[in-house]
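> Below is the sequence, then the predicted model.
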Amino acid sequence: ETGVTQTPRHLVMGMTNKKSLKCEQHLGHNAMYWYKQSAKKPLELMFVYSLEERVENNSVPSRFSPECPNSSHLFLHLHTLQPEDSALYLCASSQTPSGGTYNEQFFGPGTRLTVL
Amino acid sequence: LAKTTQPISMDSYEGQEVNITCSHNNIATNDYITWYQQFPSQGPRFIIQGYKTKVTNEVASLFIPADRKSSTLSLPRVSLSDTAVYYCLVGDMRNFNKFYFGSGTKLNVKP
């Protein structure tokens, strides 16, 4: 148990569906992340939120839409996905001191997404 | 972007010391080197982090040469439960777009 939870753990959706992934961290951290892990690719950083503001969007298609309503919650809204979007989606959090050094990220268990 | 290169896989036996080397030729001055461990169907877990020389904690050691273009994760006396994928990460928390996990090294520990 890392203090980061993700729901659902498994999700199957059609290409025309709209769904959302949820992440919650109970660690009091101020930064949250979405990663995508495909079978044949390295772990890919998708989005970063620091102090509830999006600070990074790594050229992610617009069919993925993140939302960070507060420092403890992070959502990934999905719509009109493609089969190649099937992957494990991981959420992580960390504490970022101002001007400080790297702090470890705590990962959730992930959501296994299958797009039919 | 400081990308990393690691061996795709390694085999070892229980009780042996395992050393996994990561190359990061383009590491920047402010980048730290961090290693994560990932078991199937789980998120990665932090193992150790360093900037230069040697760092040791209760589970591993990290060796970083003076030029910082590579690093070596050392796992003493591995057990079957150490079978996992190990990722070398180079990045600077102040520049989130510099995070790059790489493909990882699949460590197989045999009895």
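Okay, I see it. Model, not experiment: these values are computed from the prediction. Residues are numbered from 1 along each chain as shown, chains lettered A, B, ... in the order given.

> secondary structure class for the spatially closest residue to A:E56 that is not a sequence neighbour?
Nearest residue to A:E56 in three dimensions, chain neighbours excluded: A:V48, at 3.8 Å (C-beta to C-beta, 6 or more residues apart in numbering or on different chains). C-beta here means a position set from N, CA and C on the backbone, and glycine is covered the same way. With DSSP: H, G, I helix; E, B strand; the rest coil as the basis, A:V48 sits in strand.

> partners of A:V48 in the sheet?
On the basis of DSSP bridges, A:V48 takes part in beta bridges with A:Y33, A:E56.

> okay, now it: neighbour count?
Neighbour count of A:V48, defined by other C-beta atoms under 10 Å in any protein chain shown: 24.

> In this model A:R54 seems to touch it, though I could be wrong.
Yes - contact criterion C-beta atoms under 8 Å: A:V48 and A:R54 qualify, at 7.1 Å.

> before we move on, the earlier item: which residues are in contact with the residue nearest to A:E56?
A:31-33, A:54-56, B:96 (C-beta atoms under 8 Å, 6 or more residues apart in numbering or on different chains).

> Kindly report the same for A:M15.
Contacts of A:M15 by C-beta under 8 Å, 6+ apart are A:80-83, A:115-116.

> Where does chain B get nearest to chain A, which residue?
B:G43 (2.7 Å; C-beta to the nearest C-beta).

> Next, that residue: secondary structure please.
coil.

> So it is in contact with A:S93, correct?
No - counting by C-beta under 8 Å, B:G43 stays clear of A:S93, with 10.8 Å between them.

> more neighbours, these two?
A:S93 (27 against 23).

> Going toward the C-terminus from the helix or strand hosting A:R54, what's the next helix or strand?
A:R54 is part of strand A:53-57 when elements are defined by DSSP states H and E. Going down the chain from strand A:53-57, the next helix or strand is strand A:64-70, by DSSP H and E.

> rewinding a little: how about the contacts made by the residue of chain B closest to chain A?
Counted by C-beta under 8 Å, 6+ apart, B:G43 has contacts A:2, A:4, A:90-92, A:107-110.
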